[in-house]
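Novice: Quick one, structure for this:
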Amino acid sequence: MNSDVIADLKQFIEATISQQLANVATKGDIQQLQGNVQQLQGDVQQIQQQLNDQDMVLQEIQNAVGRTFNDHETRITRLEKQLA
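Specialist: Predicted structure coming up:
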């Protein structure tokens, strides 16, 4: 092997290694992703709490509507008995 072939092989190996290392995540990238995941987990917990709060409000509304409906049903029944 002459020096030109060795230089070409060396350049090829360096280029190949450089390309492979460009695709590898760095420690900083991984830490940033971990931070993003933690932020997302916090956001999901906040959303779950908001949904739970809304569920409680909706349950109260449904209970109030149910009581109103039952009250109207009772009143209609009384009126029907009075008419009969």
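Novice: residue nearest the centroid of this structure?
Specialist: residue 44 (5.3 Å; Cα atoms, centre = their mean).
Novice: Pass me the low-pLDDT residue ranges in the chain, would you?
Specialist: For the chain, residues meeting the criterion pLDDT under 70 lie at 1, 84.
Novice: show me where it has strands.
Specialist: Along the chain, no stretch is classed among the strands by DSSP state E.
Novice: can you map out the helices along it?
Specialist: 3-22, 27-83 (DSSP state H).
Novice: helices or strands up against the first one?
Specialist: Helix 3-22 sits against no helix or strand, with contacts defined as 3 or more Cβ pairs under 8 Å, 6 or more residues apart in numbering; DSSP states H and E. In short, each C-beta sits where N, CA and C put it, glycine included.
Novice: any residues touching it, and which ones?
Specialist: Around helix 3-22, nothing counts as a contact under Cβ atoms under 8 Å, 6 or more residues apart in numbering.
Novice: Tell me the buried residues in it?
Specialist: Buried residues in helix 3-22, counted by 16 or more other Cβ atoms under 10 Å: none are found.
Novice: Just the CA atoms of that helix, as PDB, please.
Specialist: The C-alpha coordinates for helix 3-22 follow below in PDB (Å, rounded to 0.1, in the frame of the first residue of the first chain):
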ATOM      1  CA  SER A   3       0.800   6.600   1.000                       C
ATOM      2  CA  ASP A   4      -2.000   7.800  -1.200                       C
ATOM      3  CA  VAL A   5      -4.100   4.700  -0.500                       C
ATOM      4  CA  ILE A   6      -3.400   5.000   3.200                       C
ATOM      5  CA  ALA A   7      -4.400   8.700   3.100                       C
ATOM      6  CA  ASP A   8      -7.600   7.800   1.300                       C
ATOM      7  CA  LEU A   9      -8.500   5.100   3.700                       C
ATOM      8  CA  LYS A  10      -7.700   7.400   6.700                       C
ATOM      9  CA  GLN A  11     -10.000  10.100   5.200                       C
ATOM     10  CA  PHE A  12     -12.700   7.500   4.500                       C
ATOM     11  CA  ILE A  13     -12.600   6.100   8.100                       C
ATOM     12  CA  GLU A  14     -12.600   9.700   9.600                       C
ATOM     13  CA  ALA A  15     -15.700  10.600   7.400                       C
ATOM     14  CA  THR A  16     -17.500   7.400   8.300                       C
ATOM     15  CA  ILE A  17     -16.900   7.900  12.100                       C
ATOM     16  CA  SER A  18     -17.900  11.500  11.900                       C
ATOM     17  CA  GLN A  19     -21.200  10.600  10.200                       C
ATOM     18  CA  GLN A  20     -21.900   7.900  12.800                       C
ATOM     19  CA  LEU A  21     -21.100  10.300  15.700                       C
ATOM     20  CA  ALA A  22     -23.400  12.900  14.200                       C
END
